[in-house]
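> let me see the structure of the following:
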Amino acid sequence: MAAPGNVARGLKAAISNPNNSEESKERASERLQEMEQSGELDSPAAHEDNVAIGHKAALRNPNVSEEAKEHSAQVLDDLGRSE
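Now for the predicted structure:
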């Protein structure tokens, strides 16, 4: 299953894409509203995905210290998302 944040970004892109039909924009808008109303975007799983994304970015950022990279690697390992 795709991360809720990624799904929401894709739906927002579909809504703003001038090449999409009004029907597809309407369907995307309805799905996005459903996700927002259900709390799917604010779920613990969505939060965990965002945490993991941030730590993965830290591992690749040349401006992050080695100590911080080690911490990020440990957090990802604890989440079961080791690189």
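> and the pLDDT at Pro44?
At Pro44, the model reports a pLDDT of 87.
> oh sorry, the question was meant for Glu83
68.
> can you pull out the helices in this structure?
Secondary structure of the chain (DSSP state H): helices at 4-16, 22-38, 44-60, 66-78.
> got CSV for those helices, with mean neighbour count too?
Placement of C-beta: from N, CA and C, glycine included. Formatted as CSV, these follow (neighbours: other CB atoms under 10 Å):
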stretch, mean neighbour count
helix 4-16, 15
helix 22-38, 13
helix 44-60, 14
helix 66-78, 13
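> now His55, nearest residue through space, not along the chain?
Distances taken as CB to CB, 6 or more residues apart in numbering put Ser72 closest to His55, at 3.9 Å, once the chain neighbours are dropped.
> then Leu79?
Closest to Leu79 by CB to CB, 6+ apart is Ala52, at 5.7 Å.
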